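Peer 1: show me how the following folds:
(one chain, ligands or ions: 1)
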Amino acid sequence: MVSIDVWNASVDFPIFDAKTRSLKKQVLGKVGGKIGTETRVPIVEALHDITLSLREGDRVALVGHNGAGKSTLLRLLAGIYEPTRGAAKINGKIAPVFDLAVGMDQEISGLENIMIRGLFLGMPRKEMEKRVDDIAEFSELGDYLQMPLRTYSTGMRVRLALGIVTSIDPEILILDEGIGAVDAAFMAKARERLVDLVKRSGMLVFASHSDDLLFELCNTAIWMDEGHMKMQGTLREVLTAYKGRDPFEHMSAETLKRIGESV
Ligand SMILES: Nc1ncnc2c1ncn2[C@@H]1O[C@H](COP(=O)(O)OP(=O)(O)OP(=O)(O)O)[C@@H](O)[C@H]1O
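Peer 2: Below you'll find the predicted structure:
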């Protein structure tokens, strides 16, 4: 069984190369993080006293303003950051997808990238070999798959990366919103694969500013604010509190139908 438990965890970033006063002046009030200046080195308190328990089947959305701590929390849950205070325990293999471009090598071919990226995301080589054709078909890259990645356009890279990411079988899938930022036409095609991917994964934590995508992939949510967990509940409850209105009010009938809600 996969699980993530976090107890009273905080994550601080010491800023070694900043002049305390000017940094504080520039940043305070503009973004969500808090900067402490009691110490000689200024510290950004990106996460403060987080306690959280996630279990198999959980599909959790992270919402909140820029700088609220969503990406830092994702990295804590992925085991990439250790808590500065408190503790975190992760049971299960993590597939972290923070940026579609990360882990892709410019100098090797698309096909080779499929293998390398798949292994990096925790897939056995044999399984990845079986999925190459499916990824090639989805990405519609044809002969380009034999070419080095540096010859691809941005859109072509996204197609390949999305094809790979949606082909894996993750125990714990940690997604940052970059994945929602691909071109709309291709996203429509990728949507179904993304929904299937989430169904296959044991657990999902997804940070995004796109309500539609959140409703399609998640059922519960956490609202992050200035490094704190401000609210935890159903996705609709949390988004209503965060945005000050019911998210369903502004959704098209088509979207509501897709996410399984009636008008
Ligand atoms: N490596 C770092 N070094 C210093 N400060 C950092 C670092 N990473 C994040 N922070 C700070 O921690 C706070 C939380 O940032 P985080 O990236 O987690 O926010 P976010 O909610 O993901 O924002 P966004 O929606 O803009 O992506 C911010 O104040 C940010 O400036």
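Peer 1: from the chain's centre, how far out does stretch 80-87 sit?
Peer 2: Offset of stretch 80-87 from its chain centre (CA atoms, centre = their mean, to the nearest Å): 19 Å.
Peer 1: can you pull the buried residues of it?
Peer 2: Judged by neighbour count (16 or more other CB atoms under 10 Å), stretch 80-87 contains these buried residues: 81, 83, 86. Glycine gets a C-beta too; all of them are placed from N, C-alpha and C.
Peer 1: what's near enough to touch the second one?
Peer 2: Counting by CB atoms under 8 Å, 6 or more residues apart in numbering, residue 83 makes contact with 6, 9-11, 47, 76.
Peer 1: residue boundaries of the strands in the stretch 101-250 of the chain?
Peer 2: Taking DSSP state E, counting those that start in this stretch to define them, one finds strands in the stretch 101-250 of the chain at 172-175, 203-207, 220-225, 228-234.
Peer 1: redo those strands as CSV? Include mean pLDDT and distance to the ligand.
Peer 2: Formatted as CSV, these follow (pLDDT from 0 to 100; distance: least, CB to the nearest ligand atom, whole Å):
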stretch, mean pLDDT, distance to the ligand
strand 172-175, 93, 12
strand 203-207, 95, 6
strand 220-225, 97, 6
strand 228-234, 96, 11
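Peer 1: okay, those in CSV with distance to residue 152 and mean neighbour count next?
Peer 2: Below are the strands of the stretch 101-250 of the chain laid out as CSV (distance: least, CB to CB, whole Å; neighbours: other CB atoms under 10 Å):
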stretch, distance to residue 152, mean neighbour count
strand 172-175, 22, 26
strand 203-207, 26, 25
strand 220-225, 34, 22
strand 228-234, 40, 16
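Peer 1: which non-adjacent residue is nearest residue 218?
Peer 2: Sequence neighbours aside, residue 61 is the residue nearest to residue 218 in space, at 3.9 Å (criterion: CB to CB, 6 or more residues apart in numbering).
Peer 1: that's a helix at that neighbour, yeah?
Peer 2: No. Judged by DSSP: H, G, I helix; E, B strand; the rest coil, residue 61 forms no part of a helix; its state is strand.
Peer 1: how deep is it tucked in, by neighbour count?
Peer 2: Neighbours of residue 61 under the rule other CB atoms under 10 Å: 25.
Peer 1: one more: residue 135?
Peer 2: Neighbours of residue 135 using other CB under 10 Å come to 25.
Peer 1: hmm, it is touching residue 117, no?
Peer 2: No. Between residue 135 and residue 117 there is no contact under CB atoms under 8 Å: 9.8 Å.
Peer 1: quick check: residues of the stretch 101-250 of the chain near the ligand?
Peer 2: residue 224 (CB under 6 Å from any ligand atom).
Peer 1: so where's the stretch 51-200 of the chain shaky on pLDDT?
Peer 2: 178-183 (pLDDT under 70).
Peer 1: can you give me the helices in it?
Peer 2: 70-77, 110-120, 125-139, 154-165, 184-200 (DSSP state H, counting those that start in this stretch).
Peer 1: kindly reformat those helices as a markdown table and extend each row with distance to residue 100.
Peer 2: Formatted as a markdown table, these follow (distance: least, CB to CB, whole Å):
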| stretch | distance to residue 100 |
| --- | --- |
| helix 70-77 | 15 |
| helix 110-120 | 10 |
| helix 125-139 | 12 |
| helix 154-165 | 4 |
| helix 184-200 | 11 |
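Peer 1: to residue 56, which of these lies closest?
Peer 2: helix 184-200 (12.6 Å; CB to CB).
Peer 1: could you check the angle the closest one makes with strand 203-207?
Peer 2: 150 degrees (axes from the mean of the first three to the mean of the last three CA atoms, to 10 degrees).
Peer 1: fine by me, thanks again.
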